[in-house]
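# Pasting the sequence and the predicted coordinates here, then a few questions.
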Amino acid sequence: MTHSASADGDHRLTRGDVVDVEITAVAHGGVCIGRHEGQVLFVRHCLPGERVRVRVTDAPKHGRFVRADTESVLRPSADRVIPPCPYAGVCGGCDWQHASLEAQGALKASVIRESLVRLGGEAPERWSDLSVESLPDDDDGLGWRTRMRFAVTRAGRAGLRRYRSHEVVPVDSCLLATPQIRDLQVFRRDWTGSREVLAVSPSASPAIAVPDPQPGRARIQEMVDEHVWRLDATAFWQVHPKAPQVFVAAVREMLQPQAGDHLVDLYAGAGLFAGVLADDVGPSGRIDAIESDPIAIRAAKRSLHDQPQVTLHETAVHRWLRSTMVTSCDLVILDPPRTGAGVRTMASILSLQPRAVAYVACDPVALGRDIAAAKQAGWRLAGLRAFDAFPMTHHVECIALLLPDSSNPSDELI
C-alpha cells in the first residue's frame, strides 16, 4: 500500500490504500469509526466490534480523517446479516442493510445519545435506556418509501446514484419503495430525454411517476386524521406512510393543546401539524403557521382554507420572528430543516414564552446544538422520543419536548 508523509513525518493514508482496522464505534451519517496509526477512518458497510479490511475512498488534505469502504469482513459482528437487496453497498440509498433491524435501532440510539451528551450537554446516564421506536406494521424495514427520485442514464434507463457520486447505477428494483411505486414499473420503462423521474405513492390518491418533475405538473392527496391535503407532487411530505400520523400523535401527547390555545407552527411545510391540531385549539384558538417554501405554502392554502383559526405566513421563520406583532403564545411546534434552527432563532422562539415547545428533528446533531441553545436561554429537555422512520438508512426522527426550567433562570440569548 502507499502512504504519504505529512510535514511532521507522520504517515497519512491516501486514496486507494488498503488497511485492516478494528471498528470501535458508530458515527453520524451511516459510518463507523476505526483508527490506523492514530488516524481516524470513517468506514461504511461495517459494524462496531468488527475487524475489517477497508479501502480508502477519500483522503482530505487536512489529514485529520479519511473515508473508507469495507472490502472484506475479517471478524463479523453477531449483528451482521445478509443484505436483502442485491444493490446494497452499490447504490447510495441504504447504509445499514448489513445490520439486523434491532441493531440498526441500537446504532441510531447511540448516535442520538452521543449528540445529546456531547452537543446538548445532557448527562450520559439520563439517556442510557433510550430506544428507537419502529413505526406500525414495519416488520422488515422494507417497502416504506412513498417518494423516490430516480436518475436516468443516457440510454433512458432509471436508476439510483452511487454513494457520494453522480454516477447512475441501473437497477431492476428498490426494496425500500412501496409496492405501489414498484407497480409503476419505473425501471422497465424508457425515459429517454428525461434526466430524472419522481415516483410518489400517496395515501389518498393513485401512485404516479413524473419525468423531470416541475411544480404544477401533477397533484396528489394525502390524508391524516380524516383531513385531506392537496399537494403538488414535488412538495415535501414525510416519506414513511405511517410517519405523519405517528408524529402528529407524539406532538399532541407532548404539548396537550387545549381549546383556545395560541399555537405557533414554525417551518410548517404543507401544514400537517397546523391542519390536525386546529381541531384541538378549536374555533376559539389560533394557529400561526410559518413557511418560506412557496410550493408548500400553496399546498397549505389549498388544504387548510376551511380552518379559519389557521393563519398562514409565507416568509422565513427568522424574518417572521423578527417582524411579527406576536409577542407571546401558548405552544410552539418547531420542525426545522436538517441544519436545525440555530442559536438566534431558538432565542427568538423561546422569547415568546410558550408553556411548551415540541421540536421535530430529522438530524440528531442539529437537535443537540439547539438543545444547548435552549438550555442557555433557561429551558430544559423534558422528554424525547426517537422513531425509525427511515429503516435501512442512517436517518432517524426525534421529537423533543422543551419546557421552561424554573430552577435555572437565565437571560435571553442575544
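Structure's in. What do you need? Numbers count the residues shown, from 1 in each chain.

# Could you pull up the contacting residues of the most centrally placed residue in the chain?
The residue lying closest to the centre of the chain (Cα atoms, centre = their mean) is C362, at 3.3 Å. Counting by Cβ atoms under 8 Å, 6 or more residues apart in numbering, C362 touches P337, R338, H395, E397. Heads up, the C-betas are built off the backbone N, CA and C, glycines and all.

# next one: A299
Counted by Cβ under 8 Å, 6+ apart, A299 has contacts W229, R230, L231, D232, A235, A270, G271.

# In contact with the fifth one, which residues?
Applying Cβ under 8 Å, 6+ apart, one finds that A235 lies in contact with G269, A270, I295, A296, A299.

# For D58, see how far away the first one is.
Taking Cβ to Cβ, to the nearest Å as the measure, G269 falls 34 Å from D58.

# what about these two, which has more around it?
Per other Cβ atoms under 10 Å, whichever of G269 and D58 has more neighbours is G269, with 23 against 12.

# related to what we said a few turns ago, and the pLDDT for the residue nearest to the centre of the chain?
At C362 the predicted local distance difference test score is 96.

# same check, this time on V90
Here the pLDDT value assigned to V90 is 86.

# Contact partners for it?
For V90, the contact set (Cβ under 8 Å, 6+ apart) comprises R162, V169.

# repeat that with 6 Å
With contacts defined as Cβ atoms under 6 Å, 6 or more residues apart in numbering, the neighbours of V90 are V169.

# Need phi/psi at it.
Listed backbone geometry of V90 is phi -100, psi -60, with angles given as degrees, to the nearest 10.

# Tell me where the stretch 1-150 of the chain has helices.
Across the stretch 1-150 of the chain, reading from the start of the chain, the helices by DSSP state H, counting those that start in this stretch fall at 101-118.

# all strands of it, in order?
Counting by DSSP state E, counting those that start in this stretch, one finds strands in the stretch 1-150 of the chain at the ranges 3-5, 11-13, 18-27, 31-36, 39-44, 51-58, 65-75, 132-134, 147-152.

# Ok, the stretch 301-414 of the chain next?
With strands called from DSSP E, counting those that start in this stretch, the stretch 301-414 of the chain shows them at 310-314, 331-334, 356-361, 379-388, 397-404.

# Export those to TSV and append columns for mean neighbour count.
As requested, the strands of the stretch 301-414 of the chain are arranged in TSV below (neighbours: other Cβ atoms under 10 Å):
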stretch	mean neighbour count
strand 310-314	19
strand 331-334	25
strand 356-361	24
strand 379-388	20
strand 397-404	22
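
# coming back round to it: could you export the contacts of C362 as a markdown table, including pLDDT?
Formatted as a markdown table, the entries for the contacts of C362 read as follows, by pLDDT from 0 to 100:
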| residue | pLDDT |
| --- | --- |
| P337 | 96 |
| R338 | 95 |
| H395 | 97 |
| E397 | 98 |
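
# for these, which one is nearest C94?
Among the contacts of C362, H395 lies closest to C94 (Cβ to Cβ), at 10.7 Å.

# I'd like to know how many residues surround the closest one.
One way to gauge burial is a neighbour count; for H395, by other Cβ under 10 Å, it gives 18.

# can you check K301 too?
The burial metric for K301, expressed as a neighbour count using other Cβ under 10 Å, is 15.

# do the same with the one 5 residues further on
Taking other Cβ under 10 Å as the neighbour definition, D306 ends up with a count of 9.

# With the one 10 residues further on instead?
The tally of other residues near A316 (other Cβ under 10 Å) stands at 15.

# so how far is A278 from R53?
Spatial separation of R53 from A278 under the definition Cβ to Cβ is 56 Å.

# Looking at those two, which one has more neighbours?
In terms of neighbours (other Cβ under 10 Å), A278 is the more surrounded of R53 and A278; the figures are 25 against 15.
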